[in-house]
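J.: this one's structure only:
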């Protein structure tokens, strides 16, 4: 089967590897002429780790990342909102804090040398043309690539092809985004946990140990600070001093990391979208990753869901009779898992990123109560780990001992 993939990010590169190993002839069409590592920190959850293990790539990811044994979120006054430890569910589980660029480089380099995968960079796909059961990708310069028996669209949350497909039910930018900065942390001030502080619903900041970032030799930590998108210009105009003072007042440990920021241009601002499609496929075209179901990063599942998409798509192709049947099987396999995380993210985000005083007050009282109840805490940990498929439905079953088979990252500090 000849397969075209639009985009060489997490979903696209992983899908290329899986599909090539399933016997497909894969062509990856990447818009950027010289793709490289960008972004800040992500968390590779047990679900994502299981997918990377199947690709034989988990060991280098674990070596580049930082082990996370828990999520700890507190109020500005120091009261614990949630403390979720992976080991409470499975002693072999942990998260891996990772620079997004490290995941990109690992997947992209593997795809470059994978038999059956060809990558064409500087190839800006702007449209699709169908010819019977075949599909062509239309490039910005007017040329075409194809024909393909299957075209996988994995070009991210702002996909131009998604709108052209006419399958979108929801495409809304979240009013809130986040400031990000990757700081050197040679003394490992932050280690072993994803650390967050919520001050009402309007303030969320935190630190994510991020392992070794591409181009750096020592440990780094990703700092994030929530901000309404329409306030970014005012934040820049105010200068760094007031913001640094506010952050340091909430947590003095941040001071040596903040000292590394000397210009607002060093701080990235990330916007997020809420994407829902009526269906993810149309004839010989399928959307995966953020192109199909982008959310806010509140649950930190974007990269993990993209990896799961890639694995499930290859499984459906390998086990189905024809493309149409495979895409139906793929959608059925992914529906419950993706629906749960989209709904949960949409529900949780306003409690941490909004102007609502009521939601901030409710969060500060209800979340500690839920954290104290073992069944609720178990649900929250499984949600964090990426395995839930609904409130009452069963969880995804991960291969036993995925993380046990690895050289263990440094224990939590």
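T.: That came through fine. Computed from a predicted model, the values in this text were never measured in an experiment.

J.: Any regions of the protein where pLDDT drops low?
T.: 392-394, 397, 399-413 (pLDDT under 70).

J.: separation between the residue in the chain sticking out farthest from the centre and residue 373?
T.: Going by C-alpha atoms, centre = their mean, the residue of the chain most distant from its centre is residue 132, 35.0 Å out. In this structure, residue 132 and residue 373 are 57 Å apart, going by C-beta to C-beta, to the nearest Å. For the C-beta atoms, the positions are set from N, CA and C on the backbone; glycine is no exception.

J.: Same question for residue 95.
T.: 23 Å.

J.: Neighbour count: those two, which is higher?
T.: Each of residue 95 and residue 373 has its neighbours counted (other C-beta atoms under 10 Å); residue 95 has more, 29 against 11.

J.: May I have the residues that are in contact with the residue nearest to that one when sequence neighbours are not counted?
T.: With C-beta to C-beta, 6 or more residues apart in numbering as the criterion, residue 95 has its nearest non-adjacent residue at 3.8 Å, and that residue is residue 68. Shown in contact with residue 68 (C-beta atoms under 8 Å, 6 or more residues apart in numbering): 43, 86, 94, 95, 96, 97, 192, 193, 194, 209, 412.

J.: quick one: which of the residues you listed is nearest residue 364?
T.: Using C-beta to C-beta, residue 194 is the member of the contacts of residue 68 that lies nearest residue 364, at 19.1 Å.

J.: The closest one: neighbour count?
T.: 24.

J.: Next, find the distance separating it from residue 213.
T.: Taking C-beta to C-beta, one finds residue 194 at 17 Å from residue 213.

J.: now do residue 233
T.: In terms of C-beta to C-beta, residue 233 sits 28 Å off from residue 213.

J.: a helix runs through residue 350, doesn't it?
T.: Yes. Membership of residue 350 in a helix is supported by DSSP: H, G, I helix; E, B strand; the rest coil.

J.: The closest residue to it other than its chain neighbours sits in which helix or strand?
T.: Among residues not flanking residue 350 along the chain, residue 359 sits closest, at 5.4 Å (C-beta to C-beta, 6+ apart). Using DSSP states H and E, the secondary-structure element containing residue 359 is helix 357-372.

J.: Could you list the residues in contact with that helix?
T.: 73, 75, 79-84, 198, 200-202, 350-352, 354, 376-377, 380.

J.: Could you give me the buried positions within the helix or strand just after it?
T.: Downstream of helix 357-372, the first helix or strand assigned by DSSP H and E is helix 374-385. Buried residues in helix 374-385, counted by 16 or more other C-beta atoms under 10 Å: 377, 380, 381, 382, 383, 384, 385.

J.: same check, this time on stretch 339-346
T.: For stretch 339-346, using 16+ other C-beta under 10 Å, the buried residues are 340, 341, 342, 344, 345, 346.

J.: Identify, from these, the entry nearest to residue 11.
T.: residue 341 (14.8 Å).

J.: For the closest one, which non-adjacent residue is closest in space?
T.: Nearest to residue 341 is residue 301, by C-beta to C-beta, 6+ apart, at 5.2 Å.

J.: which residues touch that neighbour?
T.: So residue 301 contacts 45, 295, 341, 345, 386 (C-beta under 8 Å, 6+ apart).
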